[in-house]
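Student: build me a structure from this.
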Amino acid sequence: MSNLNQRVLWAAVIAVLIGLVALLMQSRDEHRSLTDRAAIEDVIIQYAYRWDSKDAAGFADLFTEDAVMEARALGELRSRIESRSEILAYAMESHTGRLADRQTRHHMSGTVFIELSADSAVTENMVLVTHQTAVDAAARIATSGIYRNTWRKLDDGWKIVTRVLTIDRVAPRG
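Tutor: Below you'll find the model as predicted:
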């Protein structure tokens with residue numbers, strides 16, 4: 001085999017190896033992305049289960065220490081809670097106060113990933129909240145809206161940094 005043919009052969013081998021490495025890197029990144037998406041979806045599911053089972057401590061643990069929860073309707077801020085400890089206090093007060101006599105259900109659907117990197121993400125998902133008391137024959141719709149969450153990946157998993165609920169409201173005509 002001539003020297004030129006050997007160089008062409010080695011160049012082809014190197015090109016194939018570079019292609020394989022690139023493919024493996026892409027596959028690894030896709031695997032990480034799918035794993036992260038599944039982990040975030042699990043936290044969204046846990047959000048509903050922990051709130052609806054009145055597990056205030058477990059609910060608060062889904063958030064970072066510096067987390068913020070907001071509720072908005074028609075562009076106006078309705079409520080704002082800052083820090084995991086305040087979120088815990090809010091959950092405890094809600095579960096033993098205004099929600100003590102009712103079963104809530106958060107029906108989460110339609111999660112979309114707006115951004116996703118190795119250590120942060122932004123998602124939106126729809127929510128329909130129902131309430132049922134002992135005298136109710138069936139659950140009734142309490143509210144609906146869209147959650148927009150920003151996420152941070154920590155050593156113990158994905159946590160919510162900000163959760164903004166935009167409550168469905170229709171502006172009056174006029």
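Student: what about Trp151, neighbour count?
Tutor: Each residue near Trp151 was counted by other CB atoms under 10 Å, and the total is 26. Where you see a C-beta, it was placed from the backbone N, CA and C, and this is true even at glycine.
Student: using the three-state scheme, assign it.
Tutor: Classification of Trp151 using DSSP: H, G, I helix; E, B strand; the rest coil returns strand.
Student: next one: His95
Tutor: Three-state assignment for His95 (three-state DSSP): helix.
Student: which residues of this protein fall in strands?
Tutor: 63-73, 76-82, 102-116, 120-133, 140-154, 157-167 (DSSP state E).
Student: out of those strands, nearest to Tyr49?
Tutor: strand 102-116 (8.5 Å; CB to CB).
Student: buried set for that closest one?
Tutor: The neighbour-count check on strand 102-116 (16 or more other CB atoms under 10 Å) flags Thr104, His106, Met108, Thr111 as buried.
Student: just want the angle from it to strand 120-133.
Tutor: Relative orientation of strand 102-116 versus strand 120-133 (axes from the mean of the first three to the mean of the last three CA atoms, to 10 degrees): 170 degrees.
Student: what are the phi and psi angles of Asp155?
Tutor: Backbone torsions of Asp155, given as degrees, to the nearest 10, read phi -60, psi -30.
Student: for it, give its distance to Asp119.
Tutor: Counting by CB to CB, to the nearest Å, the separation of Asp155 from Asp119 is 11 Å.
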